[in-house]
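Trainee: what would the 3D arrangement of this be:
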Amino acid sequence: MGRLDGQVTIVTGGASGFGKGIATTFQREGAKVIITDLSEDTGSAVAKEIGATFVKADVTKREDWEKVLKQTLDSHGKLDVVINNAGTTYANKVSVFPVAAFMVHC
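Mentor: Okay, the predicted model is just below:
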């Protein structure tokens, strides 16, 4: 019996790095894991590897969040945990990055 038995969890950016580690750990502890990522190939492969579900999504788009939530609720009837792990990188250093460009995502 795992510490997260029956918990339905969405892990954004779950196809690699920290997100993959989080998804793997939650799955091992008994959670039902939904991985989201921009990379369909990598996300699908990780989901298959760990026994999770994959939904391609861009977390900066409301309609993608709505799709992920609908698929989660349709499949599992509930949602217990959301881990907002997805991130991005910027070519410019923070010290020279225009505030207006950053605020477009806020």
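
Trainee: tell me the bridge partners for the residue nearest the centre of the chain.
Mentor: Central residue of the chain (C-alpha atoms, centre = their mean): Thr12, 1.3 Å from the mean position. Under DSSP bridges, the beta-bridge partners of Thr12 are Thr36.

Trainee: start the count at 629 instead of 1 going forward.
Mentor: Happy to do that; since the first residue is 629 now, the last one works out to Thr640.

Trainee: gap between it and Arg690?
Mentor: 14 Å (C-beta to C-beta, to the nearest Å). Where C-beta positions appear, they are placed from N, C-alpha and C, glycine not excepted.

Trainee: any idea what Val683 is bridged to?
Mentor: Counting by DSSP bridges, Val683 forms beta bridges with Thr664.

Trainee: quick one: pLDDT of it?
Mentor: For Val683, the pLDDT comes out at 98.

Trainee: isn't it right up against Leu697?
Mentor: No - using C-beta atoms under 8 Å, Val683 is not in contact with Leu697, being 9.7 Å away.

Trainee: who has more neighbours, those two?
Mentor: Set Val683 next to Leu697 and count neighbours by other C-beta atoms under 10 Å: Val683 wins out with 23 against 15.

Trainee: ok, which stretches of this protein are helices?
Mentor: Along the chain, the stretches classed as helices by DSSP state H are 645-656, 668-678, 690-704, 727-731.

Trainee: how about the third one: buried residues?
Mentor: Spelled out, that is helix 690-704. Asp692, Trp693, Val696, Gln699, Thr700, His704 (16 or more other C-beta atoms under 10 Å).

Trainee: what's near enough to touch the second one?
Mentor: With contacts defined as C-beta atoms under 8 Å, 6 or more residues apart in numbering, the neighbours of Trp693 are Ala685, Val687.

Trainee: return the distance of it relative to Val687.
Mentor: 7 Å.

Trainee: run through this protein and note the low-pLDDT ranges.
Mentor: For the chain, applying pLDDT under 70 flags the ranges 717-727, 729-734.
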